[in-house]
Structures are given as C-alpha cells and as structure tokens.
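S.K.: the following comprises the amino acid sequence and a computationally predicted model.
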Amino acid sequence: MFESLSDRLQSVFEQLGRKGILTEADVNTALREVRLALLEADVNLRVAKDFIRRVQERAVGAEVQKSLKPSQMVIKIVHEELIETLGQPGRLNLSGPTPRVIMLVGLQGSGKTTTAAKLALMLRRDGRRPWLIAADTYRPAAVDQIVTLAKQLNIPIHQEGVQASPPDIAVRGVDKAREADATVVIIDTAGRLQIDDEMMAELEAIRDRTQPAEVLLVADAMTGQEAVRIAEGFNQRVGLTGLILTKVDGDARGGAAISMREVTGVPIKFLSTGEKVNADTLEVFHPDRLASRILGMGDMLTLIERAEEAFDEREAQRLQQKILKNQFTLEDFLKQLQQVKRMGPLGQILDMLPGMGRLKQQLNIDNEAAQQQLKKVEAIIYSMTPAERRNPKLLNGSRKKRVAAGSGTSVQEINALLKQFREMQRMMRMVGKGQMPRLPGMFR
C-alpha cells in the first residue's frame, strides 16, 4: 500500500546521505520533496503541512546540528514524527463485563462482512469465545454470506433473515450470545453513506441499545481523500473508537490511512489484506513497524511473529538434523515452501527485511507470479512417487515425462527445479559444516 511513498522517501534520504554537512537549505529542499511525496500518496493537505512543520522545527534546530551524522538524524526525526502521526498501536477494549460488543460500520463494499469473520477468527485464536450477528438486512445475500463464513469457521451466529429491524436483531443477538456464554459479539451492520440521515440514525439506535465497547469503521484503503470525509462523518454520528483498513495489499497509495487517523484522532486497530478468511489476513496495527516499513527499515518483529506462527519447532529441529546428515529431500523442500507460503506473499516478506524493498523492485517481484510459481513447484513434487521425492536420482527421462504430464509442466521445468534443489543441497551441506557457501556471482 505504501510502496510509492516508501520509494519517494527513500530516494530523498539517499540524496541527503551523500552530503557530509547539512545546511538549512538542504533540509528545506529535502522536506519539500517529502511534502510532495505525502501529497502524491493521497495524504490530506493539512496533515501533510502539520507533519512537515513538526519535522522542520526539529530538523533545523540544535538536535541535527550537534549530531555526528546529520542526514541520519533527519531520517530519525521523520521516523519519529511518522510514528506520532500514525498514532497508538491497535488494541481492542475487551476488559469488563461480557459479552463485549464490537460494532462494525462503513460504506457498502468496504469489506465489513469478511472483516467480521476475520476478526472472529483472530479473537478465537486468542482464547476468546466470539459470536457473530448478521444485522445487514439491505444488501442482497449479505446474511447468506456471513452465515456461510460462520459455518466454514465453526463460529456461532445469530441471524433473523431480512424482515426484522437491524436494532432488534442486534439486541436479540447480544441476549442469545450472553445465554451461550460468548465473550465477544461482533455486529455486522449494513453499508451506508455517512450523509444518509435515516441509515445513520439506525446505526445510532444499534449503538444505544447494545452499548458496544468498540465501534470500528471498516474503510477501504483505496478510497483516497474521500476516506477522510467518510471517517469524519461516521465519527460525528456514532463516535468511532477505531479504524480497520481493508485491501491494504492493493495499489492504494496509503495516504488515506495517515489522514484518517490524524484528522479524526481515532486509532487504526487492524490492517486487512485480501478476501481470504484466515489468521494471516488481519494484522494488528503497529505504527512503529509500519513507519519502519515506509522508510525502508524493514519490520523484523512482524516477520519473526509470522515465522513463529508458520513454523513448527519440532519440525525445524528434525530438519536441522537432516541437513547435518545430508538427508534433505524434495519432501522436506516442499514442506519448507508451504511454511513460507503461510507467512504471506513473497513481496510482503521482503518488505519486512531491512533494505530489501529496493531489491524487490530490482528483481521486479510480482506476488501473483511468485504464488503461481510456488504452485507449479508443488504440482511437480506431488506428481512424483515417494521414492522419487526421497531420491531424485531415480528420475530418468521416461519418469520426467510422466511427472511433466501429471503436473502440467515440461521436462525443462522439472530439470530447472532439480538443478535448484541440488544447489540448495550443496549450500546446506556447507552451512552444516560451518562453511560459507559460495553464491553465484561471488569471487571464486
């Protein structure tokens, strides 16, 4: 989402880094570029001006002049002010009498129903007992959609079809959740414009009758400048307690996220990616981590957390022993690929590694193409017999033709995969012996 902003800011800081001593003019020139980058990324004009003013006050003062590396100090100031602008980490207010009610609001098409299911899944993973309420009686098949998702995830749901009024459905749903000893209730409301007085009055009625602990605006990150007016409108009528940004893996420029938070004073609580409902597609918002990603500093904490969720510790120890004994097979290779896939898109993983954003650009990594390539590798390995996976040397010409036919690939693609696998085995052997593997392009 913040790719274009990140690229622009990194270019500005690279130019600053080439200067040994920074003058006030250098700082002003750099900040003009930062301001342009923010505006191009759809950041609200007032928010961009305030941000630049705060950075400028610190950057031209003694704080930078006394530092040994002025350019690094300017980057540090921008980083700190960006964190300040993005606000506090996303935390739900779940303490107090149960069930705690979470009410989701927003425009039609912003992803509320999918987000409701993702949030329920995340809360269950954290040891809560979630309960869904289908209170969208306007959109065709909205009730069917959330009921289907609830069944797939095995999460209880209260629904009354489309005839009853949403405030009544919500109240009865909370009562049922209380009887069932649920700890958190998520109300999926109908999408509406913030200027639709009748529909907003309905939201106020649901809020007044269910007394939610959280009223979360689900906003499409690709909405742009209009997102600020939407957030302000909902905040004035129902009193928002947080924001959930959806479709952050799209080509949104990211400014809406910064602007909504700053203008409303309401914290961003979650970032949502894609339509797939699983634990990986709803991410708790950490302003410091996002600021680091924007400035190309990576996000190692999130990467470590994802790795801990995706990788099995006992499996990792077993794999380590196999590497040391030179017994790493195509079956092990396949397991590793599947665990990496669970961590998220390859481009997203690279963004979390410090300094890797530029490498991702140079390699022109396309997340969709990378996912397709991984599926192709899986198909090839699955088309082999167990004996062939354990000992690829068995793959003669006729066997390769059989595997190619079974996986919908070519013999050339199978040969390329086997070559990559042999290279990986060689590098793992060297690492196991405590040697530094020689990578392609290194001095021989």
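M.R.: Cool, the structure landed. Residues are numbered from 1 along each chain as shown.
S.K.: return the distance of the one helix or strand I186 maps to from the chain's centre.
M.R.: Assigned by DSSP states H and E, I186 belongs to strand 184-189. In terms of C-alpha atoms, centre = their mean, to the nearest Å, the centre of strand 184-189 is set 22 Å apart from its chain centre.
S.K.: quick one: V215 is in a helix?
M.R.: No: read with DSSP: H, G, I helix; E, B strand; the rest coil, V215 is strand and lies in no helix.
S.K.: pull the contacting residues for it.
M.R.: By C-beta atoms under 8 Å, 6 or more residues apart in numbering, the residues touching V215 are 103, 105, 207, 238-242. For the C-beta atoms, the positions are set from N, CA and C on the backbone; glycine is no exception.
S.K.: do you know how far A59 is from T23?
M.R.: Going from A59 to T23 by C-beta to C-beta, to the nearest Å gives 11 Å.
S.K.: settle it for me: which of the two has more neighbours?
M.R.: Higher neighbour count among A59 and T23: A59, with 25 against 11, using other C-beta atoms under 10 Å.
S.K.: could I get the contacting residues of the residue lying farthest from the centre of the chain?
M.R.: Using C-alpha atoms, centre = their mean, the residue of the chain lying farthest from its centre is S398. It sits 44.4 Å away. By C-beta under 8 Å, 6+ apart, the contact list for S398 is empty.
S.K.: just confirm it is within a helix.
M.R.: Yes: counting by three-state DSSP, S398 falls inside a helix.
S.K.: look up how far A404 lies from it.
M.R.: Using C-beta to C-beta, we find S398 at a distance of 11 Å from A404.
S.K.: just P287 next, same as before
M.R.: Going from P287 to A404 by C-beta to C-beta gives 49 Å.
S.K.: measure A164 to Q211 for me?
M.R.: 20 Å.
S.K.: just want to know which of those two has more residues nearby.
M.R.: Neighbour count, other C-beta under 10 Å: between A164 and Q211, A164 has more, with 14 against 11.
S.K.: now that we have the contacts of V215, which of them are buried?
M.R.: The neighbour count (16 or more other C-beta atoms under 10 Å) marks 103, 105, 207, 238, 240-242 as buried among the contacts of V215.
S.K.: can you flag which of those residues belong to helices?
M.R.: Among these, the ones falling in helices (DSSP state H) are 207, 238.
S.K.: filter the buried ones among the contacts of V215 down to the ones in strands?
M.R.: 103, 105, 242 (DSSP state E).
S.K.: what would those look like in JSON lines with pLDDT?
M.R.: Below are those laid out as JSON lines (pLDDT from 0 to 100):
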{"residue": "M103", "pLDDT": "97"}
{"residue": "V105", "pLDDT": "95"}
{"residue": "G242", "pLDDT": "93"}
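S.K.: S11: neighbour count?
M.R.: Neighbours of S11 under the rule other C-beta under 10 Å: 13.
S.K.: mind listing what it touches?
M.R.: By C-beta under 8 Å, 6+ apart, the residues touching S11 are E33.
S.K.: export the helix or strand containing it as CSV, just CAs?
M.R.: Assigned by DSSP H and E, S11 belongs to helix 3-17. The C-alpha trace of helix 3-17 is given here as CSV (Å, rounded to 0.1, in the frame of the first residue of the first chain):
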residue,chain,number,x,y,z
GLU,A,3,5.1,1.4,-1.9
SER,A,4,5.2,4.6,-3.9
LEU,A,5,5.5,6.8,-0.7
SER,A,6,8.3,4.5,0.5
ASP,A,7,10.2,4.7,-2.8
ARG,A,8,10.0,8.5,-2.9
LEU,A,9,11.1,9.0,0.8
GLN,A,10,14.0,6.5,0.4
SER,A,11,15.2,8.5,-2.7
VAL,A,12,15.1,11.7,-0.7
PHE,A,13,17.1,10.3,2.1
GLU,A,14,19.7,8.7,-0.2
GLN,A,15,20.4,12.2,-1.6
LEU,A,16,20.7,13.6,2.0
GLY,A,17,23.1,10.8,2.9
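S.K.: what about R139, distance to L119?
M.R.: Taking C-beta to C-beta, one finds R139 at 19 Å from L119.
S.K.: looking at these two, which one has more neighbours?
M.R.: The neighbour comparison of R139 against L119 (other C-beta under 10 Å) goes to L119, with 26 against 15.
S.K.: surely the more buried one touches M103?
M.R.: No: look at L119 against M103 with C-beta atoms under 8 Å: they stay out of range, at 11.5 Å.
S.K.: mind listing the shared neighbours of the two?
M.R.: In contact with both L119 and M103: no residue, using C-beta under 8 Å, 6+ apart.
S.K.: which is the next helix or strand following the helix or strand of the chain with the lowest mean pLDDT?
M.R.: None of the helices or strands of the chain scores lower by mean pLDDT, DSSP states H and E than helix 356-363, at a mean of 50. Once the chain leaves helix 356-363, the next helix or strand it forms, by DSSP H and E, is helix 367-382.
S.K.: same for that next one, what does it pack against?
M.R.: helix 330-342, helix 346-351, helix 397-407, helix 411-432 (3 or more C-beta pairs under 8 Å, 6 or more residues apart in numbering; DSSP states H and E).
S.K.: out of these, deepest packed?
M.R.: helix 346-351 (a mean of 20; mean count of other C-beta atoms under 10 Å).
S.K.: so M199 is in which element?
M.R.: helix 197-210.
S.K.: give me the distance from that helix to the chain's centre.
M.R.: Its chain's average C-alpha position is 31 Å from that of helix 197-210, according to C-alpha atoms, centre = their mean.
S.K.: which other helices and strands contact that helix?
M.R.: Secondary-structure packing of helix 197-210 (3+ C-beta pairs under 8 Å, 6+ apart): strand 100-105, helix 166-179, strand 184-189, helix 226-238.
S.K.: what's the angle from it to helix 166-179?
M.R.: For helix 197-210 against helix 166-179, the angle by axes from the mean of the first three to the mean of the last three C-alpha atoms, to 10 degrees is 20 degrees.
S.K.: contacts for helix 197-210?
M.R.: Against helix 197-210 from outside (C-beta under 8 Å, 6+ apart): 101, 103, 105, 135, 165-167, 170-171, 174, 185, 187, 189-190, 192-194, 215, 233, 237-239.
S.K.: on that earlier part again, worst mean pLDDT among the helices and strands packed on helix 367-382?
M.R.: With a mean of 61, helix 346-351 has the lowest mean pLDDT of the helices and strands packed on helix 367-382.
S.K.: if we can go back for a sec, for the helix holding M199, C-alpha coordinates in CSV please.
M.R.: C-alpha atoms of helix 197-210 as CSV (Å, rounded to 0.1, in the frame of the first residue of the first chain):
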residue,chain,number,x,y,z
ASP,A,197,-29.5,10.6,7.8
GLU,A,198,-32.1,7.7,8.1
MET,A,199,-29.4,5.0,7.8
MET,A,200,-27.1,6.8,10.2
ALA,A,201,-30.0,7.1,12.7
GLU,A,202,-30.3,3.3,12.5
LEU,A,203,-26.7,2.9,13.5
GLU,A,204,-27.2,5.2,16.4
ALA,A,205,-30.1,3.1,17.6
ILE,A,206,-28.0,-0.1,17.4
ARG,A,207,-25.2,1.7,19.3
ASP,A,208,-27.6,3.0,22.0
ARG,A,209,-29.4,-0.4,22.5
THR,A,210,-26.3,-2.6,22.5
